[in-house]
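Undergrad: Quick one: sequence plus predicted model below, questions after.
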Amino acid sequence: MKITKFDDKQSWLEARLTRITGSRVKDIIVKRGTAKKMGYYELIAEQLTIPEDGNELAMDRGTRLEEEAIAEFTKATGKLVNTDLVVWERDDNSRIAISPDGAIIEADEETIKEAIVVMAMGSREAVEAKCLASSKHLQAFLTQKIPNEYVDQSIQYFVVNNNLENLYFAFYDPRLVVKQFFYLKITRADVAVKVEQYLLEQSSTLSEVDAVVADLTKI
């Protein structure tokens, strides 16, 4: 066994990167199933990421990079995206809603300025931008799957917009030296069963909420 001594904590912390340490081993060893745990993707990311200065919060970073992510999507696909700040809501229940990052414009570059209703409920394609931790970004790329914590969000797009045919998840991380951008496409057919289930459950939940509120506010 080799022992290395460090003069300061920063050097000690840097030396732990790319290594499986005692505190990390729980995120490496797979005890059930065969899916890789997050520690696996963290080890990959630590070798492919250029560190950024500062201590920016993850949410703030995601918001800051969202415009760049959608620009990368347009560059990769040629699809034009409107990013107005809007909320989509169902025609039959305005409390079932979603805030889309972007709606794809069905117009060419010359007529884009005339496409003034592109974020309406008629949008057939939409974009959701994700600027995640490098490890999660690589996990999504290597597995070609939407991270579990965003699956419900992806289904909600189709629940709210009955005309939506395709949803693109655009992943962007400029800290990586490879695969800074990619996207995954979800079609209505991919999630049709869950869309029905989610709509029923949300409608039922809102009805129950209304009943409780009415009961609590009785004079």
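TA: All right, it came through fine. These numbers come from a predicted model, not from an experiment.

Undergrad: where's Arg95 relative to Glu196, distance?
TA: 18 Å (Cβ to Cβ, to the nearest Å). All C-beta spots, glycine's among them, are computed from the backbone N, C-alpha and C.

Undergrad: swap in Phe169?
TA: Counting by Cβ to Cβ, the gap from Phe169 to Glu196 is 21 Å.

Undergrad: For burial, what's the neighbour tally of the spatially closest residue to Gln202 that is not a sequence neighbour?
TA: By the measure of Cβ to Cβ, 6 or more residues apart in numbering, the closest residue to Gln202 outside its immediate chain neighbours is Ile96, 5.3 Å from it. Ile96 has 19 neighbouring residues, counting by other Cβ atoms under 10 Å.

Undergrad: again, but for Thr83
TA: Thr83 has 16 nearby residues by other Cβ under 10 Å.

Undergrad: ok, now Ala126?
TA: 25.

Undergrad: and the helix or strand that contains it, what does it pack onto?
TA: According to DSSP states H and E, Ala126 maps onto strand 125-130. Contacts defined by 3 or more Cβ pairs under 8 Å, 6 or more residues apart in numbering; DSSP states H and E place strand 125-130 against helix 58-77, strand 102-105, helix 151-160, strand 166-172.

Undergrad: could you redo these as JSON lines and give each row mean neighbour count and mean pLDDT?
TA: JSON lines is the format used below for those (neighbours: other Cβ atoms under 10 Å; pLDDT from 0 to 100):
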{"stretch": "helix 58-77", "mean neighbour count": "16", "mean pLDDT": "89"}
{"stretch": "strand 102-105", "mean neighbour count": "24", "mean pLDDT": "90"}
{"stretch": "helix 151-160", "mean neighbour count": "20", "mean pLDDT": "94"}
{"stretch": "strand 166-172", "mean neighbour count": "23", "mean pLDDT": "97"}
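
Undergrad: Same list, those, but as CSV with distance to Leu85 please.
TA: As requested, the helices and strands packed on strand 125-130 are exported to CSV (distance: least, Cβ to Cβ, whole Å):
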stretch, distance to Leu85
helix 58-77, 11
strand 102-105, 11
helix 151-160, 16
strand 166-172, 18
